[in-house]
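S.K.: Have a look at this prediction, sequence included:
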Amino acid sequence: MMFLPSITRKPCVVLTALLLRSTSVRAFSARSNVVVVDVISPGNGPAVTKANRYSSMVTLYIEDAVAETKTPSGWSTRKEDGAAMDEPFAFQPGKNLIEGWSEGVLRMKEGERAWLHVPAAKGYGASPMGEKGGAFYIPANSDLLFDIEILGKE
């Protein structure tokens, strides 16, 4: 096997490190309409597929990649994040979900927890969701950030 001289490889390592920084990931996601899956803890189960329904724990944030902030939307299935009690959310990829959610979870495995960075175009787009001052509110054209853990098949 042939290797490039080390002087040639170093810039690639630096570039890779820069691309992997979470702020770069968030900004890339928002600018390019690409859903980014940022693994918090890997899963050891099978890959998520469109053929099954899954149980998950989820907290939704509004993401501002430029300011590097996340604001709670008011929607969570976790007691620690404001829900009345822990109550898993059931879903099936591709059915009654925003495009970005389906696209992101299809790159996950059962047991995995990850941040899904969903650009507005693959979220709710120009449509606001909920009501200001209500239980939850997502302004129009908001980039979304889901903290999601796939518990397993239903």
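M.R.: Received, thanks. Numbers count the residues shown, from 1 in each chain.
S.K.: Let me know the helix or strand that the spatially most central residue of the chain is in.
M.R.: Centroid-nearest residue in the chain: L116, 0.7 Å away (criterion: C-alpha atoms, centre = their mean). Applying DSSP states H and E as the criterion places L116 in strand 113-118.
S.K.: Determine how far the helix or strand containing P72 lies from the middle of the whole chain.
M.R.: Assigned by DSSP H and E, P72 belongs to strand 69-76. Computed by C-alpha atoms, centre = their mean, to the nearest Å, the chain-centroid distance of strand 69-76 equals 13 Å.
S.K.: Ok, stretch 123-135 next?
M.R.: The chain centroid and the centroid of stretch 123-135 are separated by 18 Å, computed with C-alpha atoms, centre = their mean.
S.K.: Likewise for stretch 87-106?
M.R.: With C-alpha atoms, centre = their mean, you get 11 Å for stretch 87-106.
S.K.: One more: stretch 49-67?
M.R.: 5 Å.
S.K.: Span of it from start to end?
M.R.: Start-to-end span of stretch 49-67 (C-alpha to C-alpha, to the nearest Å) is 34 Å.
S.K.: any idea of the mean pLDDT for that stretch?
M.R.: Averaging the model's pLDDT scores along stretch 49-67 yields 94.
S.K.: try stretch 138-147
M.R.: Mean pLDDT, stretch 138-147: 95.
S.K.: so who does A121 touch?
M.R.: N33 (C-beta atoms under 8 Å, 6 or more residues apart in numbering). In this view, the C-beta of every residue, glycine as well, is placed from N, C-alpha and C.
S.K.: ditto for I150
M.R.: 43, 45, 48, 54-56, 105, 108-113.
S.K.: Report the inter-axis angle for the helix or strand hosting it versus strand 69-76.
M.R.: Take DSSP H and E as the rule and I150 turns out to sit in strand 143-153. Here the directions of strand 143-153 and strand 69-76 differ by 50 degrees (axes from the mean of the first three to the mean of the last three C-alpha atoms, to 10 degrees).
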